[in-house]
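Participant: need a 3D model of the following:
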Amino acid sequence: MLDTIERNTYAGGSNKFRDTLVISERVNWRLEDLVGKNKKMDFNLRFLPENFARVEKLPFLNSEEKRILNQIRGHAYLRIFGLVEEFILPFVIDHVRPCLDTDDYRVRAFLQFAAEEAKHIQLFKLFGDDFRRGFGTECGVIGPPSAIAEEVLSHQPLGIALVILHIEWMTQRHYLGSVKDDNDLDPQFKSLLKHHWLEEAQHAKLDGLMVEAIADGMTREEIVAGVEDYLAIGGFLDEGLRGQTELDLAAFEAAARPLNDAEKTVFLEVQHQANRWTYLGTGMTHPKFLETLEYLDPLAREKVESVSEVFC
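Facilitator: Numbering: from 1, shown residues only. The predicted model follows:
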């Protein structure tokens, strides 16, 4: 297993980094092209595909209330992406630091990766400002980001790299599988998701190489420990999603109407599972992510597939 990892990681590695860098530079975009000026969201439209929002599973909400909740979920969706990128950024920088005097293409590709993550953080903060002005009700988001980053970054590097790879493949699955062909979504929100995906598609390639490099030379026991750390981080994030569901409920009641106790119970159950599917299930079951796990250890893939059933 380890011989295979070593061969795939370093054979032709420079060409892989060069090719990814070329594509990254071609799809790169500027913040001012996506936000500001006349680029406004239409609050008469949905933001998230129903696959993720799952507002139709709440029959006690009318159509307007479902739209309001959909937009609250859309707000949390992009803000949570900004939040997780605040631990991705320092991890990528720390990964490339020891390589500064080796492969120039590798260094440039990962620095581009880091710069784009910093740009995404800023994009989603600007989105949050625009949303607040247009929506008119404060919508809470879990955090602070620094505390979440500190917890995630306390784990083993392989576990963290797997979480990041999970997020990259999840992003692509969301856009290509649910957002791209949904023509009823707000065009501005959809544009943000499209441009985020364009750059994350390159990050997935780089993070796959990063996982391989970290695993190179590790024993099976160390790899198993790394996968356990990936699952532990997932459990930590799941608790955060439970908290986010409660924040979404508070925002909905402030923007629409109070729910009775029975409605609140159903709301929290349905929406927590919707969040679990959105951020955990879609990444854990992505075929490319599962391929990487099998490449590291077939038993790791089996375990993650078994655990993933809870989040679907």
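Participant: buried sites along the one helix or strand Ser306 maps to?
Facilitator: Using DSSP states H and E, Ser306 sits in helix 298-308. Within helix 298-308, the residues that qualify as buried are Ala300, Arg301, Lys303, Val304, Ser308, counting by 16 or more other Cβ atoms under 10 Å. In short, each C-beta sits where N, CA and C put it, glycine included.
Participant: Phe43: which of these is nearest?
Facilitator: Lowest distance from Phe43 to these (Cβ to Cβ) belongs to Ser308, with 34.4 Å.
Participant: ok, the closest one touching Met284?
Facilitator: Yes - using Cβ atoms under 8 Å, Ser308 makes contact with Met284 at a distance of 3.9 Å.
Participant: list just the nearest of the buried residues of helix 298-308 to Phe81.
Facilitator: For these, the nearest to Phe81 is Ser308 (20.4 Å; Cβ to Cβ).
Participant: which residues of the stretch 1-150 of the chain fall in helices?
Facilitator: Counting by DSSP state H, counting those that start in this stretch, the segments of the stretch 1-150 of the chain that form helices are 2-10, 13-27, 50-53, 63-96, 104-135, 145-152.
Participant: let me redo that: the stretch 151-300 of the chain
Facilitator: 157-174, 187-215, 220-255, 261-276, 282-284, 287-296, 298-308.
Participant: nearest to Leu31 among those would be which one?
Facilitator: Nearest of these (Cβ to Cβ): helix 187-215, 9.9 Å.
Participant: list the buried residues for that closest one?
Facilitator: Here helix 187-215 shows 188-193, 195-215 as buried, counting by 16+ other Cβ under 10 Å.
Participant: apart from its chain neighbours, what residue comes closest to Trp169?
Facilitator: His286 (4.2 Å; Cβ to Cβ, 6 or more residues apart in numbering).
Participant: the one you found - how many residues pack around it?
Facilitator: 21 (other Cβ atoms under 10 Å).
Participant: could you do the one 4 residues further on as well?
Facilitator: Neighbours of Leu290 under the rule other Cβ under 10 Å: 18.
Participant: who's in contact with it?
Facilitator: Contacts for Leu290 (Cβ atoms under 8 Å, 6 or more residues apart in numbering) come out as Arg301, Val304, Glu305.
Participant: pretty sure Tyr279 is touching Ile80, no?
Facilitator: Yes - contact criterion Cβ under 8 Å: Tyr279 and Ile80 qualify, at 7.0 Å.
Participant: which of those two has more neighbours?
Facilitator: Neighbour totals were compared for Tyr279 and Ile80, and Tyr279 leads with 26 against 23 (other Cβ under 10 Å).
Participant: mind checking pLDDT for the residue lying closest to the more buried one once chain neighbours are set aside?
Facilitator: In space, Tyr279 comes closest to Leu241 once its chain neighbours are excluded; the distance is 6.3 Å by Cβ to Cβ, 6+ apart. Among the per-residue scores, Leu241 shows a pLDDT of 98.
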